[in-house]
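Asks: starting from these lines, generate the structure:
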Amino acid sequence: MKELRKGAFLFQRGTKKTEEQDKQELLAEIRLAHSQWKTAQHHFEHALEKDEIDYAIYAVEAAEKRYEMLLRQAKRQNVTSAYHITVEVRG
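Replies: Below you'll find the model as predicted:
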């Protein structure tokens, strides 16, 4: 019986580590998505031709949606971080 408990403890411990890894991966994805969103905004600001502008609009909207999706996912999972981002709200 003692061996069974020891194995169960190791399994729980491994699960907790995986949850922490998942949290860190989500936070890394959020940082990456924010960076991609800012890059897309920069490209939009410097687009000159109609096709460039159209593509830049698409890229900004896609990056923004991905960033918002990841933030909602973090909120649902109660994932927080000391990493803070100032978000500019359009409107």
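
Asks: can you classify residue 78 by secondary structure?
Replies: Using DSSP: H, G, I helix; E, B strand; the rest coil, the structure places residue 78 in coil.

Asks: where does it fall, phi/psi-wise?
Replies: The phi/psi pair for residue 78 (degrees, to the nearest 10) reads phi 60, psi 40.

Asks: can you get me a residue count around it?
Replies: With neighbours defined by other CB atoms under 10 Å, the count for residue 78 comes to 7. Backbone N, C-alpha and C define where each C-beta goes, glycine included.

Asks: residues contacting the residue nearest to the spatial centre of the chain?
Replies: A centroid search over the chain (CA atoms, centre = their mean) returns residue 30, at 2.1 Å, as the residue closest to the centre. Taking CB atoms under 8 Å, 6 or more residues apart in numbering, we find residue 30 in contact with 67, 70, 71, 74.

Asks: how near is it to residue 21?
Replies: Going from residue 30 to residue 21 by CB to CB, to the nearest Å gives 15 Å.
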